[in-house]
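Trainee: coordinates only, sequence not included:
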């Protein structure tokens, strides 16, 4: 199956992006280097094309009760303009996907990962017993992520309204040069940042305008590579790595998302049962030896294999190998010394309380 291209594909190639397949889309891994783009986001700002993400609109008189039943968080606490992080679980309590929920005036927008979008669309539709209207607008919607401590200054060059008090996990519907956008104070980097949704035909223009406005602030185009190093430093999970249909929110350290007291929802009974018998836990590991833990590497204590790495990298911010992985619950204590089997050599690491990077501008 051929990979899809976002509307910005030609722009990425023009900028020298090294294009790779990610979740069925051709996207830039990097333009200059992962490390350079990582530091640009931590120190100034980076602009990401994340138009591969999936967007569904849920509307109708029963939309709120429907979303309350298919997601684990409590949307009754949401108001217009708020964003909520949540999960969709299957009947066994496994994670179908993590997502953002946007409460609009007369509808909700769900933003899910790109992988298996049709499968998830069918799953959500199969649960629709209330006559709710579900529209997949993924192909009609583009998404840019402007992330970094100078992102607010860059947007001030483009927006007339006062958006500076827009709170974390809130959004407004506004315009840039008469083009309608949703401006959302969200991101996947641990820095102050904004995600900008618009009709796909506006995305080329918005990219060009933002890059132009950000030139004097050190704005750089940023690819998937640094998106991964940035999110790993923040201990943010990735579907297919830390979470999947065989992993529960409790095992993944996301038990706080599942509001078991909100009433019935899909997977609730299974989560209540699994809460008492969690056999594995997601942990953060910093390497004491100079080594990089990679996905699927074994985690050991002594001669016993106790788990497996799910994500790992050389942290550009810390200049140390870092990773996340699942270990048997009895070995998950903070400060526990472990070893990672890296191509047959055991390298020392320590379980820590994340995130790895604690100096971000996220809530400034």
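Mentor: Looks like it came in fine. Quick caveat, the model's predicted, so the values are computed rather than measured.

Trainee: ok, residue 314 touching residue 292?
Mentor: Yes - at 5.0 Å, residue 314 counts as touching residue 292 under the criterion of CB atoms under 8 Å. C-beta coordinates here come from the backbone N, C-alpha and C atoms, glycine included.

Trainee: so what sits against both of those two?
Mentor: Here residue 314 and residue 292 have residue 321 as joint contacts, going by CB atoms under 8 Å, 6 or more residues apart in numbering.

Trainee: Tell me which stretches of this structure form helices.
Mentor: 9-14, 34-43, 63-70, 117-126, 151-156, 203-214, 224-233, 268-275 (DSSP state H).

Trainee: quick one, what contacts residue 282?
Mentor: By CB under 8 Å, 6+ apart, residue 282 lies in contact with 237, 242, 251, 252, 253, 310, 324, 325, 326.

Trainee: tell me the centre residue of this structure?
Mentor: residue 188 (5.0 Å; CA atoms, centre = their mean).

Trainee: Find me the pLDDT at that residue, would you?
Mentor: Listed pLDDT for residue 188 reads 98.

Trainee: From residue 50, how far out is it?
Mentor: For residue 188, the distance to residue 50 (CB to CB, to the nearest Å) stands at 8 Å.

Trainee: Buried residues of the longest strand that the chain contains, list them for me.
Mentor: Longest strand of the chain, by residue count under DSSP state E: strand 304-315. Buried residues in strand 304-315, defined by neighbour count with 16 or more other CB atoms under 10 Å: 306, 307, 308, 309, 310, 311, 312, 313, 314, 315.

Trainee: Would you mind measuring from residue 145 to residue 4?
Mentor: Distance of residue 145 to residue 4, given as CB to CB: 19 Å.

Trainee: Low-confidence stretches in the stretch 1-150 of the chain?
Mentor: By pLDDT under 70, the low-scoring segments of the stretch 1-150 of the chain are 1.

Trainee: just the strands in it please.
Mentor: 4-5, 18-22, 25-30, 45-49, 54-59, 83-89, 95-103, 107-112, 133-136, 141-147 (DSSP state E, counting those that start in this stretch).

Trainee: Same check on the stretch 201-350 of the chain?
Mentor: Under DSSP E, counting those that start in this stretch, the stretch 201-350 of the chain gives strands at 219-221, 280-287, 298-301, 304-315, 320-328, 337-342, 345-352.

Trainee: Please name whichever of those is nearest to residue 131.
Mentor: Closest approach to residue 131 among the strands of the stretch 201-350 of the chain (CB to CB): strand 280-287, 38.3 Å.

Trainee: What strands flank the closest one, and is each parallel or antiparallel?
Mentor: In the sheet containing strand 280-287, its partner strands are strand 320-328 (antiparallel), strand 345-352 (antiparallel), by DSSP bridges.

Trainee: What's the local residue count around residue 296?
Mentor: By other CB atoms under 10 Å, 10 other residues sit near residue 296.

Trainee: before we move on, back to that, deepest-packed of the strands paired with strand 280-287, please.
Mentor: Across these, averaging neighbours per residue (mean count of other CB atoms under 10 Å) puts strand 320-328 on top, at a mean of 23.

Trainee: Output the helices of the chain as TSV; include the columns distance to residue 297 and mean neighbour count.
Mentor: Formatted as TSV, the helices of the chain follow (distance: least, CB to CB, whole Å; neighbours: other CB atoms under 10 Å):
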stretch	distance to residue 297	mean neighbour count
helix 9-14	31	15
helix 34-43	20	21
helix 63-70	35	19
helix 117-126	29	15
helix 151-156	34	21
helix 203-214	37	18
helix 224-233	14	24
helix 268-275	26	16
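
Trainee: Adding distance to residue 133, write those helices out as a markdown table.
Mentor: Shown next, in a markdown table, are the helices of the chain (distance: least, CB to CB, whole Å):
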| stretch | distance to residue 133 |
| --- | --- |
| helix 9-14 | 31 |
| helix 34-43 | 38 |
| helix 63-70 | 8 |
| helix 117-126 | 11 |
| helix 151-156 | 33 |
| helix 203-214 | 25 |
| helix 224-233 | 32 |
| helix 268-275 | 25 |
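
Trainee: which stretch among those comes nearest residue 334?
Mentor: Using CB to CB, the helices of the chain put helix 224-233 closest to residue 334, at 17.6 Å.

Trainee: circling back: helices or strands next to the longest strand of the chain in the packing?
Mentor: Applying 3 or more CB pairs under 8 Å, 6 or more residues apart in numbering; DSSP states H and E, one finds that strand 304-315 makes contact with helix 224-233, strand 280-287, strand 298-301, strand 320-328.

Trainee: Please work out the average pLDDT along that strand.
Mentor: Here the average pLDDT along strand 304-315 is 99.

Trainee: What lies in contact with that strand?
Mentor: For strand 304-315, the external contacting residues (CB under 8 Å, 6+ apart) are 228-229, 232-233, 238, 241-242, 280, 282-283, 285, 292-300, 320-328, 331, 338, 340, 356-357.

Trainee: Brilliant, that's me finished.
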